[in-house]
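Enquirer: with the input below, show me the fold.
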Amino acid sequence: MKLVEVIYFGFELDLLETHLTSHRDHGRRIIVVESEHTTTGVPKPLLFKNNYDRFSTFNVEHIVFPGSMFPIQTKTFLEFKHQDSNAKKVMQKYLSLEADWIFHNDTDEI
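Expert: Predicted coordinates:
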């Protein structure tokens with residue numbers, strides 16, 4: 001079975017390292033996804049990209065969502081959920097042809 005794990009990364013470098021350490025032996029494809037904006041639309045630095053050397057021992061891919069993925073600064077939970085689910089739909093469609101199972105999670109979901 002072809003498993004792909006997609007980790008939506010924001011700010012937690014230490015948690016991401018723990019996540020990757022605990023999942024490295026599962027033989028799946030791991031993709032770290034980040035954006036120049038949070039799912040609430042607030043600009044943020046690309047911390048994974050800027051710290052890539054720290055994670056070079058892990059066999060992970062990196063994808064940067066364009067800022068347009070999260071175009072508004074959300075004020076309600078429904079606005080947040082709309083932007084968050086759109087990101088997952090994009091990844092699901094992108095990976096569905098090459099995977100039997102796509103596991104979407106955030107950095108802190110170990």
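
Enquirer: helices of this structure, start to end?
Expert: Here the chain has its helices, by DSSP state H, at 13-23, 47-50, 77-95.

Enquirer: now do the buried residues in the shortest one.
Expert: Judged by neighbour count (16 or more other Cβ atoms under 10 Å), helix 47-50 contains these buried residues: residue 48. For the C-beta atoms, the positions are set from N, CA and C on the backbone; glycine is no exception.

Enquirer: what comes into contact with that helix?
Expert: Helix 47-50 is contacted from outside by 9-11, 13, 16, 32, 34, 55, 62, 64, using Cβ atoms under 8 Å, 6 or more residues apart in numbering.

Enquirer: if we use 6 Å, what do you get?
Expert: 9, 32, 34 (Cβ atoms under 6 Å, 6 or more residues apart in numbering).

Enquirer: the first one too?
Expert: When contacts are taken as Cβ under 6 Å, 6+ apart, the neighbours of helix 13-23 outside the stretch itself are 9, 51, 58, 107-108, 110.

Enquirer: now these: which count as buried?
Expert: Buried among those by 16+ other Cβ under 10 Å: 9, 107.

Enquirer: among the contacts of helix 47-50, which are in strands?
Expert: Within the contacts of helix 47-50, residues falling in strands by DSSP state E are 32, 34.

Enquirer: reformat the helices of the chain as CSV; add mean pLDDT.
Expert: Below are those laid out as CSV (pLDDT from 0 to 100):
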stretch, mean pLDDT
helix 13-23, 92
helix 47-50, 95
helix 77-95, 69
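
Enquirer: and those helices as JSON lines, adding distance to residue 2?
Expert: Listed next are the helices of the chain as JSON lines, based on distance: least, Cβ to Cβ, whole Å:
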{"stretch": "helix 13-23", "distance to residue 2": "16"}
{"stretch": "helix 47-50", "distance to residue 2": "24"}
{"stretch": "helix 77-95", "distance to residue 2": "10"}
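
Enquirer: for residue 41, find the nearest of the ones you listed.
Expert: Residue 41 lies closest to helix 77-95 among these, at 7.3 Å (Cβ to Cβ).

Enquirer: buried residues in stretch 91-110?
Expert: Applying 16+ other Cβ under 10 Å to stretch 91-110 flags 91, 95, 99, 102, 104, 106-107 as buried.
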